[in-house]
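Novice: Next come a sequence and a model predicted from it.
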Amino acid sequence: QVHLEESGGGSVQTGGSLRLSCVISGRLVCHSDMSWYRQVAGKEREFVANIDTKDRIQSYADDVKDRFTIAHNLFEKTVTLQMNHLKPEETATYFCKVRLRPPCSRDEWWGQGTKVNVSS
């Protein structure tokens, strides 16, 4: 069984930085996509960033490019999101997601989220 636990959320002022971490426990039997999403209460969860464990290709939502960096540490079993130059509209709960890559599997898991508050 795979379990994800996020940490690193908190309160910062506009322009500040935070580093979110997601610890992955359990065994991933395939290459995976590891992602960060965020959600504001009452709105849909939106994609922020992704990294695949095979080719290590990163992808980002347009509005976070050049400010956020996603990374995967195989030995520490973590996926992190470095967020710089934060904006008030990025106040949200941030979630970590791991999805195994087909054709190996389609299993996916989500963490419980960590809250980020950016004040103006």
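Specialist: That came through, no problem. Nothing here was measured: the structure is a model prediction, and the numbers come from that model.

Novice: Need the nearest residue in space to S105, chain neighbours excluded.
Specialist: Closest residue to S105 apart from its sequence neighbours, by Cβ to Cβ, 6 or more residues apart in numbering: C30 at 5.4 Å. For glycine as for every other residue, the C-beta is placed from the backbone atoms N, C-alpha and C.

Novice: Which element, helix or strand, includes that neighbour?
Specialist: Per DSSP states H and E, C30 falls between elements, in no helix or strand.

Novice: hang on, it packs against R106?
Specialist: No - contact criterion Cβ atoms under 8 Å: C30 and R106 do not qualify, at 9.8 Å.

Novice: Between these two, which has more neighbouring residues?
Specialist: Set side by side, C30 and R106 show more neighbours around C30, with 15 against 10, by other Cβ atoms under 10 Å.

Novice: Would you quantify the distance from the more buried one to Q58?
Specialist: In this view, C30 and Q58 are 19 Å apart by Cβ to Cβ, to the nearest Å.

Novice: Which strand residues bridge the residue nearest the centre of the chain?
Specialist: In the chain, the C-alpha closest to the average C-alpha coordinate belongs to W36, at a distance of 2.3 Å (Cα atoms, centre = their mean). Taking DSSP bridges as the rule, W36 bridges to A49, C96.

Novice: quick one: low-confidence parts of this structure?
Specialist: Of all residues in the chain, none has pLDDT under 70.

Novice: where exactly do the strands run in it?
Specialist: Assigned strands in the chain, in chain order: 3-7, 10-13, 18-25, 32-39, 46-52, 58-60, 68-73, 78-83, 92-100, 108-110, 114-119 (criterion: DSSP state E).
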